[in-house]
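**Q** Quick one, what's the 3D model for this:
(chains A and B)
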Amino acid sequence: MESYNEPIITIRGLQKSFGTKKVLKGIDLDIYRGQIIGYIGPNGAGKSTTVKIMLGLIEQYTGEIKIFGKNIATEKNVEYKKKIGYVPETAEIYDSLTGREYLTFIGELYGLDYAQADKKAEKLMEMFGLKNVYDSRISSYSKGMRQKTVIISSLLNNPDILFLDEPLSGMDANSVMVFKEVLAELASQGKTIFYSSHIMEVVEKISSRIILINDGQIVADGSFNELKEKSMEGSLEGIFNELTGFNKHKEIAEEIVSIVQGV
Amino acid sequence: MKDFKILRFIDKFKSLFESFGVDYDIMRKILQLKFVLNERNVPTVMKNNSSKKKEEGNSFIKSLWFYALLGLMLVPFVISKGNYLFQMSFLFGILMFMMMTILISDFSSVLLDLKDKNIILSKPVNGKTLSLAKTIHITIYMFYITFSFTAPALLVSLYKHGFLFFTIFLLEIILMDLLIVALTALLYLLILKFFDGEKLKDIINYVQILLTIALSIGYQLIGRLFDFSDIMNINFVPKWWQCLIPSVWFGGPFELILNNNHGSHIILFSALALIIPVLSIILYIICKS
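**A** You can find the predicted model right below:
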């Protein structure tokens, strides 16, 4: 294995605008092997955009991104994606396929052969308690089952970097517990996990490093303990509120209740 | 997933595709996926029929029979001999309207699928491979649909007017398909240039409605090309705006070749029927790369 000191992802001066709106205003990051990064921020802060740019789904940005030491804009090939897994925010999936068809298709896109992908997918489905629906249409799955299927699809290629965008949505408590354990285990094997979520309790527990982004800029970067020392707040939620300059939750809540009660 | 005969046919062009810098094996996988999805999604024209029972089997192939039945309405236009320009531009007017609405109602999701981008492009697949797979997929299905829709008219024309007429008709159908696929794709590319993300789907809905209205009104004009007061002896008065109606172009070659009518407007129509589809395909390829 390569040195743990080489950053696996380097981002320098990343900026991105949609039309006249500047979504990312200069992001600089170094991410190392074995880290679980909690990537948090308010809605519309630019979290998903950052991930999509790294995956090559959004083009025309300024700045430089290196993944596995290679600039993803100049390296025209897409080989680097072979070692990346991605769980998008909304579980996008082809509904009229069966679990087997979908997962083997994704496996084959990653360059696995059919039998290999099928075997691996079937075992993982079994571990997530989905063995009996492996040959059913995905349209008959519940939200949590879909989410598990998407997670399995992101793990088929044994990725070195895993991008997870709100991966736990719809999953039951037992599966969540298993999955969190899986993430910790993967990280200890040297995999890098980029985890963005709005559920602060989970981020606080699993992340080895937390990056808070607000209005297209990084406003905090460090382990939970480091962030706690700098801030007066005791929980990540509190730190989040403080750093994003949000302190009116009580007033707003009261206002909402009074609107609800009014006729 | 099951293998399709058409895929084995496309396999013959493997080295051609690879010379474009396309990853053929991946493209084949994507095409296979698309065909499976098509087989399982019920096309718009069949939606009313299969509302209750859950149908298995290839619903796409079933819909082809329906298109062939609908295609009977084109037959009257190829029965009588005489003014080919009138008959055939009417026929192509109906045909283009049908194909355009089918393309927009059933293939907008295919042309624009944002899902494809997130699912497939986040894997090691280059963009060229994906977009070529999509273009081939749509073209193949358009050909299936057009040929089942025009099959009755094609057969009658072969019987009534002979082989030359049939050949011109066949070639023009292919040109028309290319024109429609390229124009629709170009239109969507243009929209994509100015709008981004999820908003696009809403805009497409508006465009679908507008286009449908425009086409239905537009083809009212075909009837006005001819002087109806003298229906037995149809007069054709060339006007400049007739050049703007694509279906009239396709009437040109029949008049030119079969009736030996060498009027300048007939030659112009025939030239447009040949040049515009080819140009639009070239333009589409340029815009894509």
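**Q** that's a helix at A:Gly111, yeah?
**A** No: applying DSSP: H, G, I helix; E, B strand; the rest coil, one finds A:Gly111 to be coil, outside a helix.
**Q** how far away is it from B:Val125?
**A** 10 Å (C-beta to C-beta, to the nearest Å). All C-beta atoms are positioned from the backbone trio N, CA, C, and that covers glycine.
**Q** Between the two, which has more neighbouring residues?
**A** B:Val125 (22 against 15; other C-beta atoms under 10 Å in any protein chain shown).
**Q** Verify the stated contact: that one with B:Lys29.
**A** No: contact criterion C-beta atoms under 8 Å: B:Val125 and B:Lys29 do not qualify, at 9.2 Å.
**Q** Would you check how far apart the closest residue to B:Gly263 other than its chain neighbours and B:Pro246 are?
**A** Excluding the flanking residues, the one nearest B:Gly263 by C-beta to C-beta, 6 or more residues apart in numbering or on different chains is B:Pro238, at 7.4 Å. From B:Pro238 across to B:Pro246, the span is 16 Å (C-beta to C-beta).
**Q** Tell me which of those two has more neighbours.
**A** Legend: neighbour count by other C-beta under 10 Å for B:Pro238 and B:Pro246, higher for B:Pro246 (21 against 14).
**Q** correct me, but that one touches B:Ile180?
**A** No: no contact is recorded between B:Pro246 and B:Ile180 when judged using C-beta under 8 Å, the distance being 9.1 Å.
**Q** longest helix anywhere in chain A?
**A** helix A:173-188 (DSSP state H).
**Q** State the mean pLDDT of it.
**A** Helix A:173-188 shows a mean pLDDT of 90.
**Q** Mind giving me the packing neighbours of it?
**A** Helices and strands touching helix A:173-188, by 3 or more C-beta pairs under 8 Å, 6 or more residues apart in numbering or on different chains; DSSP states H and E, are strand A:36-40, helix A:143-155, strand A:192-196, helix A:200-206.
**Q** Check which helices and strands the second one sits against.
**A** Translated: helix A:143-155. strand A:84-87, helix A:99-109, helix A:114-127, strand A:161-165, helix A:173-188.
**Q** And that helix, how far out from the chain middle?
**A** For helix A:143-155, the separation from the chain centroid amounts to 13 Å (computed by C-alpha atoms, centre = their mean, to the nearest Å).
**Q** Likewise for the first one?
**A** Taking C-alpha atoms, centre = their mean, one finds the center of strand A:36-40 at 8 Å from the center of the full chain.
**Q** Report the inter-axis angle for that strand versus helix A:173-188.
**A** 120 degrees (axes from the mean of the first three to the mean of the last three C-alpha atoms, to 10 degrees).
**Q** What strands flank strand A:36-40, and is each parallel or antiparallel?
**A** strand A:192-196 (parallel), strand A:209-214 (parallel) (DSSP bridges).
**Q** Give me the contact list for it.
**A** A:31, A:47, A:50-51, A:183-184, A:187, A:192-198, A:200, A:203-204, A:206-213, A:236, A:240 (C-beta atoms under 8 Å, 6 or more residues apart in numbering or on different chains).
**Q** Likewise for the second one?
**A** Contacts of helix A:143-155 from elsewhere in the structure, counted by C-beta under 8 Å, 6+ apart, are A:85-88, A:91-93, A:99, A:102-103, A:106-107, A:121, A:124-125, A:128, A:130, A:133, A:138, A:141, A:162, A:164, A:167-172, A:175, A:179.
**Q** Name the nearest residue to A:Lys191, ignoring sequence neighbours.
**A** A:Lys191's closest residue in space is A:Asp160 (C-beta to C-beta, 6+ apart), at 5.9 Å.
**Q** so what's that neighbour up against?
**A** With the criterion set at C-beta under 8 Å, 6+ apart, A:Asp160 makes contact with A:Ile8, A:Arg33, A:Phe68, A:Lys83, A:Ile84, A:Gly190, A:Lys191, A:Thr192.
**Q** how close does it sit to chain B?
**A** The gap separating A:Asp160 from chain B is 13 Å, by C-beta to the nearest C-beta, to the nearest Å.
**Q** How about A:Ile210?
**A** Distance from A:Ile210 to chain B, by C-beta to the nearest C-beta: 24 Å.
**Q** ditto for A:Lys119
**A** Counting by C-beta to the nearest C-beta, the gap from A:Lys119 to chain B is 17 Å.
**Q** for A:Ala121, same thing?
**A** Taking C-beta to the nearest C-beta, one finds A:Ala121 at 14 Å from chain B.
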